[in-house]
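Colleague: predicted model and sequence follow; I will ask about them next.
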Amino acid sequence: MPETEIEQLSAAAESAVAPLATMLAADALAVHLFSAEVEPAIELDLAGAEIAAELCCRFAGEDDAGHLIVARLDRAAPEELRLECAGLRGFLRERLAGLGRGDREEAMALLEELAAGGESQDPIGLSASRALVREGLREPLPPSVVDRDEPQGLHFDSVLALSETAFYVRGWARDGQAEPVRLTAVSPEGSRVELLPEIYRDPRPDVDSFYEEPTRTGAAGTGFLGFCETRAPSLLSTGWLLEMENALGVTREVPGPQVSRDPLAARAAILSDLHKERHWDTPLMDHVIPAVSLIQQRLEEEAKIESVWQYGEPPEAPAVSIVVPLYGRIDFLEHQLAQFVHDPELREADLIYVLDSPELAAALENAAGQLFELYGLPFRVVVLSQNGGYSVANNRGASLAQGRLLLLLNSDVLPDEPGWLSRMADFYEEHEVGALGPKLLFEDDTLQHAGIRFQRPPDGGAWENEHFFKGLHRDLPAANVARAVPAVSGACMMIARDLFEQVGGLRGMFVQGDYEDTDLCLRLRQEGRETWYLPEVELYHLEGQSYALETRNAMSRYNVWLHTRLWDGEIEAVVAAHG
């Protein structure tokens, strides 16, 4: 038979099978068709919609299995188009389920690429469709059974969602037959994340004891935990899988738990893992830092200024703006106002209280009005939409500041006598200062702060912040000398507003008001600006009473280790210069 007739018959056979389309989301569809073209076009009436993104693959089976085209539209599909489409289950059964394994995996990869390539107007719908495709096309592995007589054991303990594409996972995996060579987390939508070799391995004596084996440590640890990312968003709460394959090709899988999406609970759980290590340079921090940083970034983005209340007539041209975060202890507002009212200078300051506990907004609004009537001192209250943390509260308050100088002040800091603010401002403007901090006292008149220095243990541990002369009497001669110091406390810190903005304010990567101040001072040092301590100004600091002691201790290890990771070399230079 002439070749042209063969080609004609082939083309006729292809055209006999009509293209079949299905909706993947309100604005996304898939089309399966047969065509001799390398990249065929979608021959559907889109009813006025246009294609915003389009991807195509040609299946490579022995028989011509056709093309799969997936596309995202510029709007929700019109009803006329939706009516032309088959249901997704029928589409899978009729066109894709019979394909070879490689072609089915290529189809799932194409959908993942579409989901990763741009924002859908219907992300949940697209996730649900991808999950249905995963279950319709994948080949399940033998299930893992936890039994002493079974050489393979596998368990997926938790999945903590940090964003739509970032997760922190925990579990354990052991294989008494051969070394595991693949450990794969599979999202409900089908995105695959290879966990080995980067995942952190830790001992699981509970699991090893069950299998009557000695506890495995280090890289051989039975447990695993860590940060991972999917290529495309994963929005569904159920359906995660964990797969394992050993060096002999034996495979197992186990279903995962429901995803936890509470950022504060996730942060607490992740930070609790740091007890597994003793040193700041542990590989565990390679997983903890990106995970916690994403949570901190999310909290910062969501903590917006919800409302601003003005009490009294604000000063016309204030030289200084005082920013005071309020977290939990809104009674500190009254304690400060009761002291500030005795200082005429405070009436000329731009006094800004930032409520970082929005659940207390009603109580604060009632109290603030009464306190203004009682003391007559003008101030503003800024209410955040949710708790953002120390750095966010200060940065939001600073964004509204009117003064050319900023004073970051804790709510539990009280002045010893009037005139302190002008003395700080005068000193700041007369010297080339980056940040300026005063003397801070405990209630028994001993020193709480006379500048900050850095100290590390003899074993080479993390750098910790230490206050000069802490616990000694306030009249100690060495503590009464104005001087440049490595850093000062953010409990009471003065800085030019434009300089604060120039270096980006306080960074939100630290957790709950710890080490943001020294991080800022070190960034100022990089800009050539020194930090100074001014003993002429004395204030009392109740130190940390805005946070429960247990909470502060839980966050401290992370902040210390992160600070050292960021600044180890710079701190070495600072210590060499200041001693």
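Modeller: Yep, that arrived. Numbering: from 1, shown residues only.
Colleague: show me this protein divided up by domain.
Modeller: As assigned by automatic domain parsing, the chain contains the domains 3-137, 152-276, 303-578.
Colleague: could you report the neighbour count for the nearest residue to Arg148 once chain neighbours are set aside?
Modeller: Closest residue to Arg148 apart from its sequence neighbours, by C-beta to C-beta, 6 or more residues apart in numbering: Tyr211 at 6.0 Å. Quick note: C-beta positions are derived from backbone N, CA and C, even for glycine. Per other C-beta atoms under 10 Å, the neighbour tally for Tyr211 reads 15.
Colleague: where in the chain is the helix or strand with the lowest mean pLDDT?
Modeller: helix 3-16 (a mean of 47; mean pLDDT, DSSP states H and E).
Colleague: how many residues are close by Val254?
Modeller: Neighbours around Val254, by other C-beta under 10 Å: 21.
Colleague: now do the contacts for it.
Modeller: For Val254, the contact set (C-beta atoms under 8 Å, 6 or more residues apart in numbering) comprises 143-144, 154-156, 241-242.
Colleague: got it, and Leu137?
Modeller: For Leu137, the contact set (C-beta under 8 Å, 6+ apart) comprises 92, 96-97, 99, 104-105, 107-108.
Colleague: out of these, which comes closest to Ala173?
Modeller: Closest approach to Ala173 among these (C-beta to C-beta): Glu105, at 22.9 Å.
Colleague: that closest one: neighbour count?
Modeller: There are 16 residues near Glu105, going by other C-beta under 10 Å.
Colleague: now it. Its backbone dihedrals?
Modeller: phi -70, psi -40 (degrees, to the nearest 10).
Colleague: next, the contact list for it, please.
Modeller: Leu137.
Colleague: where does it land on pLDDT?
Modeller: Glu105 carries a pLDDT score of 95 in this model.
Colleague: longest strand in this protein, please.
Modeller: Ranked by residue count and defined by DSSP state E, the top strand of the chain is strand 530-541.
Colleague: name the helices or strands packed onto the helix or strand containing Val382?
Modeller: For Val382, the element it lies in under DSSP states H and E is strand 379-384. With contacts defined as 3 or more C-beta pairs under 8 Å, 6 or more residues apart in numbering; DSSP states H and E, the packing partners of strand 379-384 are strand 305-311, strand 350-355, helix 361-375, helix 390-398.
Colleague: so what strands line up beside the longest strand of the chain?
Modeller: strand 413-415 (antiparallel), strand 433-441 (parallel), strand 483-485 (antiparallel) (DSSP bridges).
Colleague: which one of the ones you listed lies closest to Val186?
Modeller: strand 433-441 (49.2 Å).
Colleague: for Leu405, give me phi and psi.
Modeller: Taking degrees, to the nearest 10 as the convention, Leu405 sits at phi -110, psi 140.
Colleague: beta-bridge partners for it, please?
Modeller: Leu405 has these beta-bridge partners by DSSP bridges: Val320, Ala496.
Colleague: sorry, back to before: out of the helices and strands packed on strand 379-384, deepest packed?
Modeller: Ranked by mean neighbour count, those are led by strand 350-355 with a mean of 26 (mean count of other C-beta atoms under 10 Å).
Colleague: mind putting the helices and strands packed on strand 379-384 into CSV with mean pLDDT?
Modeller: Output for these, formatted as CSV (pLDDT from 0 to 100):
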stretch, mean pLDDT
strand 305-311, 97
strand 350-355, 98
helix 361-375, 95
helix 390-398, 97
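Colleague: mind putting the ones you listed into JSON lines with distance to Leu248?
Modeller: Formatted as JSON lines, those follow (distance: least, C-beta to C-beta, whole Å):
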{"stretch": "strand 305-311", "distance to Leu248": "59"}
{"stretch": "strand 350-355", "distance to Leu248": "60"}
{"stretch": "helix 361-375", "distance to Leu248": "62"}
{"stretch": "helix 390-398", "distance to Leu248": "51"}
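Colleague: Arg201: which of the ones you listed is closest?
Modeller: Among those, helix 390-398 sits nearest to Arg201 (C-beta to C-beta), with 33.2 Å.
Colleague: please, where are all the strands along the stretch 1-150 of the chain?
Modeller: Counting by DSSP state E, counting those that start in this stretch, the stretch 1-150 of the chain has strands at residues 20-25, 28-33, 51-58, 67-73.
Colleague: using PDB, list the CA coordinates for the third one.
Modeller: Coordinates of each C-alpha in strand 51-58 appear next as PDB, following Å, rounded to 0.1, in the frame of the first residue of the first chain:
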ATOM      1  CA  ILE A  51      -5.400  31.000  27.700                       C
ATOM      2  CA  ALA A  52      -3.000  32.600  30.300                       C
ATOM      3  CA  ALA A  53      -0.600  29.600  30.500                       C
ATOM      4  CA  GLU A  54      -0.400  26.300  28.500                       C
ATOM      5  CA  LEU A  55       1.700  23.200  28.900                       C
ATOM      6  CA  CYS A  56       1.800  20.100  26.700                       C
ATOM      7  CA  CYS A  57       3.400  16.600  26.700                       C
ATOM      8  CA  ARG A  58       3.300  13.800  24.300                       C
END
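Colleague: packing partners of it?
Modeller: Counting contacts by 3+ C-beta pairs under 8 Å, 6+ apart, strand 51-58 is packed against strand 67-73, helix 101-116.
Colleague: neighbouring strands for that strand, and are they parallel or not?
Modeller: By DSSP bridges, strand 51-58 pairs with strand 67-73 (antiparallel).
Colleague: pLDDT of the strand it pairs with, averaged?
Modeller: Averaged across strand 67-73, pLDDT comes to 95.
Colleague: tilt between that strand and strand 20-25?
Modeller: If you take axes from the mean of the first three to the mean of the last three C-alpha atoms, to 10 degrees, strand 67-73 sits at 40 degrees to strand 20-25.
Colleague: who's in contact with strand 67-73?
Modeller: The contact list for strand 67-73 (C-beta under 8 Å, 6+ apart) reads 24, 27-35, 40, 42, 46, 49-59, 96, 106-107, 110-111, 114, 117-118, 120.
Colleague: hang on, the earlier thing: between the strands paired with strand 530-541, which gets nearest to Leu126?
Modeller: Closest approach to Leu126 among the strands paired with strand 530-541 is made by strand 433-441 (48.5 Å; C-beta to C-beta).
Colleague: look at the nearest residue to His473 once chain neighbours are set aside and report its pLDDT.
Modeller: Closest residue in space to His473, ignoring its immediate chain neighbours: Thr446 at 6.1 Å, by C-beta to C-beta, 6+ apart. For Thr446, the pLDDT comes out at 96.
Colleague: what residues are up against Thr446?
Modeller: Contacts of Thr446 (C-beta under 8 Å, 6+ apart): 471-474.
Colleague: if any of these are buried, put those into a PyMOL selection.
Modeller: Buried members of these, defined by 16 or more other C-beta atoms under 10 Å, are picked up in PyMOL with:
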select buried, resi 474
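Colleague: and stretch 160-167, which residues are buried?
Modeller: For stretch 160-167, using 16+ other C-beta under 10 Å, the buried residues are 160-162, 165-167.
Colleague: dump those residues into TSV; add secondary structure and pLDDT as well.
Modeller: Shown next, in TSV, are these (DSSP: H, G, I helix; E, B strand; the rest coil; pLDDT from 0 to 100):
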residue	secondary structure	pLDDT
Leu160	strand	98
Ala161	strand	98
Leu162	coil	98
Thr165	coil	97
Ala166	strand	98
Phe167	strand	98
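Colleague: and the end-to-end length of stretch 160-168?
Modeller: End-to-end distance for stretch 160-168, by C-alpha to C-alpha, to the nearest Å: 5 Å.
Colleague: can you list the residues that contact it?
Modeller: Residues contacting stretch 160-168 (C-beta under 8 Å, 6+ apart): 123, 159, 169, 185, 193, 225-235, 259-261, 263, 266, 269-270, 287, 290-291, 294-295, 298.
Colleague: which of those residues are buried? Put it as a ChimeraX command.
Modeller: Buried members of the contacts of stretch 160-168, defined by 16+ other C-beta under 10 Å, are picked up in ChimeraX with:
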select :123,159,169,185,193,225,226,227,228,230,231,232,233,234,235,259,260,263,266,269,270,287,290,291,294,295,298
